[in-house]
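*Asks:* Fold the following for me, if possible:
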Amino acid sequence: MRSGDVIAGRYRLEDVAGAGGMGEVWRATDVELRRVVAVKQASTGDREGIRREARIGAGLLHPNVVTVFDVVVEDGVRWLVMEYLPARSLAEVVRAGGPLPPRRAAHVGRQIATALSAMHARGMVHRDVTLGNVLLAEDGTAKLADLGVAVWAEVTVTGSERNAGTPGYLAPEVLDGHPASAASDMFSLGMTLSVAAEGMVDEPLATVLSALVDPSPARRPSADETVRLLASVAPGERVQATPGEVVPRQIPAPTRDFVGRAAELKTLLRFLDESTVDDGSVLISTVAGGGGIGKTALAVHWAFQVADRFPDGQLYLNLRGFDPSGSPMPPAEAIRNLLDAFEVPAARIPANLDSQAGLYRSLIAGRRMLLLLDNARDSDQVRPLLPGTSGCLVLVTSRNRLTGLITGHGARHVPIDVLPESQARALLSARLGADRIAAEPAATDEILAYCGGIPLALSIVAGRVQTNPHSSLASVAEDLREARLSALEDDDPAVSLPTVLSWSYAALTSEQTRVLGLLAIAPGPDISLRAAANLAGLPRTQTRVVLRGLTQVSLIDQEASSRYRMHDLVRHYATEQVGSNQTQEDQEAATRRLVAFFLHTAYVGNQLLPPPRQPIELSLPAPEEPQPLPDEAAAEAWFVAEHSCLLATQQLTATLEWHHVVWQLAWALVNFHDRREHRHDDLVVWQAGLAAANDLDDPGIRARAYLRLGRALHRVDRNAEAFEHLQVALALAEHTDDLRGQADAHRHIGSIRSRHGEHERALEHFMHAVSLYRRLGTPVWEASGLNSMGWCHAQLGDYDKARGHCEAALSILSRHRDPEAEAGTLDSLGYIAHHTGDHAQATDYYQRAADRLQGIGNTYNKADVLEGLGHSLVALGRHEEARDSWQQAVELFRNHHRTADADRVQRLIDEL
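*Replies:* Sure thing, here's the model as predicted:
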């Protein structure tokens, strides 16, 4: 073949990129998708190897394995189409630059171990882990290549295949004739790292390598254990899963009594099977039908059936498209929920919504995942959540047809209607028992007619019957007949559900009716037992009994997390009915009880999460059923569980014009939003908070609101608006003699000025802040201000003053725990030491700062510290360690979408 030849009418050969284990590798252009790919030609007599590599690669989408796109045939020769990676093999890297430093070797090894972990979890064995089959990209990413020798563990190989692999890397048991296994892969990885770091292996790395190459397979660590061991080799590195390693399993449990829908299930399966031979685009299927008709049950049931086809995880999101509140889930909340599913550290999540969406697509890229988007309002709500690459299935349910997805994205449409009579009968039989159905056939027929084939209606009727086992089906049919009369004997199936709901509603106890109505008007998508108790004004034990009764008749659902959720159609019906059995005063009193519960618990939780905040006086009395929050961990867990409800509660109180509560809820969310980097949520709650504060005749409250909104604007890079708000906050704080408010305003204004290079003017604000914090007796904030002063002096070249301020800050922080503030001060001292020629001291400061940040999971700031550390190491002539530090910085910068910073440091590496 020659440059310019086109393979399979699609892949134009450009130049030879190298030789793989099974044949020659070319860089090529996919002329259809206009992207660069790598294509590998099968060597003579090795078509089976290419075929096997294609099959294994297609079932293994992992960030540390070279992705297989396609396999094509040209003139009888088989070609493998893969991702093109501008990279060198580990063998080439070692030949050109010598052995790897221990930390870099451990970093490479950990990535390959994650790839092997994914293979082993799927029953695959690589069999040929060597320096030549590990590729290193410019950004430090390591990828495992050449799967042509790999096999599934249960496959028996014979003859020459038994010892497939590279001599010198094969485990002793394989050389003795035993089949390759996960343990033999780990031996090969140990040999690979031993050769790569030859002569530079320190004691921590040597311990891991010794375990990997142990003669006994049983004593070797698994791939997962190796990931943790190698993570601990580098000083200060914390052992934790990266977002790319998290495998979400979010699909809800399917209903036990699912029946029918065979045609729809078969259609969905056919769409999925057909997608394996098309152009590799994202498969989107939409399930559309009326409310209560069983869309979610069908989607969840089918998702469970095919979950094993998506080994990299399954995501679930209720988009609340038809929530009675009229507020579908906004894109910002949806994207954030998806990032939380990947357990992305808060410090890694960018402030900008587009960047958050980009991070989500980066995490899902190259992975084979199922995404179930339930209850979508329209196509516009779904589009921002679609993955950007192939390998994923998106299943969407909606009451609308979602024509935009069908015409614009090629979505496959699966309409569903009411259950036919035979399937409706099967559902009722599954719930009540075949004998009971057979005993009263006429009554059963009448019940089926009244339910109209709507699964939700059938479930509610079955739940009612199950709670009254001695009642006859004939009496149930008679009750339904009377309820039907009030619906004017309409034959439209859509009237069946209100009929069933009115009948079921009438059978509730007065307490159940009251609580159901209150649950319907409660803010948020779900509710906890303790919150429900406060809403109802009942003890928890009594509330649990009432909720259990409502669950048994299928009017609410209890989730595994002991939270309760109501179908939006039931909620809508109950909301319409609540006024007939409860006065407006009763409803308002219940709302006040629930809001008081959320407000007081959030306030206590906010005080438990560092740093300490000014106490405020809450405007509502303490709840009767308070939520115990014994410590910081409990507080954070509660905020995570209730966050959506807290945001909805603030929106409700804004609508009710409870101005004091609106800003107090915003205040109570400050530390959680800061810790979890909920920057956009923080902006929204403080926009509402300021609007409420402006309706209050209290300049102190307005000052706090202007201050917090100014900071929220600063954190999303709207600095001009932030500056204006902070100036107003400062003026109001001065007017009311609020010293803490003045100090905070000066500190935030100083930060904005410093960011814009106005260090002398920033110093004035920081000096004011430090003086005020000192008078107030708030040492942590005083230290923060001193560090900021030191940084500004350093930027102005006055290193003696800079050092004095930062050392004073560090002294304070040694007595008052705040690891993030301590890390910032150590970073400043490292900068000062480096620029005054004390590079050894600078290295020590930077390393300590990196350790503190790693300990709290703040990799955003750690990247900056590692960049500074690299400069000091270069000045000491420790170039390999500098390269390692900068390589880590580049990786972290890219993780946080700080592309310009990553490119700058990469240039430093290239010039080293």
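
*Asks:* Can you give me the neighbour number for the closest residue to V208 other than its chain neighbours?
*Replies:* Counting by C-beta to C-beta, 6 or more residues apart in numbering, L229 is the residue found nearest to V208 once chain neighbours are left out, at 4.7 Å. Where C-beta positions appear, they are placed from N, C-alpha and C, glycine not excepted. Using other C-beta atoms under 10 Å, L229 is surrounded by 22 other residues.

*Asks:* pretty sure L229 is touching R220, no?
*Replies:* No. Using C-beta atoms under 8 Å, L229 is not in contact with R220; the gap is 11.1 Å.

*Asks:* any shared contact partners between those two?
*Replies:* Between them, L229 and R220 share these contacting residues under C-beta atoms under 8 Å, 6 or more residues apart in numbering: A211.

*Asks:* For the longest strand along the chain, name the packing helices and strands.
*Replies:* Taking DSSP state E as the criterion, the chain has its longest strand at strand 11-20. Other helices and strands packing on strand 11-20, by 3 or more C-beta pairs under 8 Å, 6 or more residues apart in numbering; DSSP states H and E, are strand 6-7, strand 23-30, strand 35-41.

*Asks:* Can you give the strand pairings for that strand, parallel or anti for each?
*Replies:* strand 6-7 (antiparallel), strand 23-30 (antiparallel) (DSSP bridges).

*Asks:* Might you list the low-confidence residue ranges for the stretch 751-900 of the chain?
*Replies:* Applying pLDDT under 70 to the stretch 751-900 of the chain flags residues 857.

*Asks:* do that again at 90, thanks
*Replies:* Where the stretch 751-900 of the chain drops to pLDDT under 90, the residues are 755-756, 816-820, 852-861, 891-900.

*Asks:* quick one: strands adjacent to the strand or helix carrying T397?
*Replies:* Per DSSP states H and E: T397 is located in strand 393-398. If you go by DSSP bridges, strand 393-398 pairs up with strand 283-288 (parallel), strand 370-376 (parallel).

*Asks:* and the helix or strand following the longest one, what's its mean pLDDT?
*Replies:* Spelled out, that is strand 370-376. Sequence-wise, the next helix or strand downstream of strand 370-376 (DSSP H and E) is helix 379-382. Averaging pLDDT along helix 379-382 gives 92.

*Asks:* Return helix 379-382 as CSV; C-alpha atoms alone will do.
*Replies:* C-alpha atoms of helix 379-382 as CSV (Å, rounded to 0.1, in the frame of the first residue of the first chain):
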residue,chain,number,x,y,z
SER,A,379,-36.1,17.9,22.7
ASP,A,380,-34.4,21.1,23.9
GLN,A,381,-34.2,19.7,27.4
VAL,A,382,-32.5,16.6,26.2
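
*Asks:* which helices and strands does that helix pack with?
*Replies:* For helix 379-382, the packing partners by 3+ C-beta pairs under 8 Å, 6+ apart are helix 403-409.

*Asks:* and the helix it packs on, what does it pack onto?
*Replies:* strand 283-288, helix 379-382.

*Asks:* ok, and which of those has the densest surroundings?
*Replies:* Ranked by mean neighbour count under mean count of other C-beta atoms under 10 Å, the helices and strands packed on helix 403-409 are led by strand 283-288, which reaches a mean of 23.

*Asks:* in whichever helix or strand comes after it, what counts as buried?
*Replies:* Sequence-wise, the next helix or strand downstream of strand 283-288 (DSSP H and E) is helix 295-306. For helix 295-306, a neighbour-count test (16 or more other C-beta atoms under 10 Å) marks K295, T296, A297, L298, A299, V300, H301, W302, A303, V306 as buried.

*Asks:* other SSEs contacting whichever helix or strand comes after helix 295-306?
*Replies:* Counting by DSSP H and E, the next helix or strand C-terminal to helix 295-306 is strand 314-318. Packing contacts for strand 314-318, counted by 3+ C-beta pairs under 8 Å, 6+ apart, involve helix 331-341, strand 370-376.

*Asks:* CA atoms only for strand 314-318, dumped as PDB, please.
*Replies:* Below are the C-alpha coordinates for strand 314-318, written out as PDB (Å, rounded to 0.1, in the frame of the first residue of the first chain):
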ATOM      1  CA  GLN A 314     -25.700   3.300  33.500                       C
ATOM      2  CA  LEU A 315     -27.000   6.800  34.300                       C
ATOM      3  CA  TYR A 316     -30.500   7.700  35.300                       C
ATOM      4  CA  LEU A 317     -32.000  11.200  35.500                       C
ATOM      5  CA  ASN A 318     -35.600  12.300  36.100                       C
END
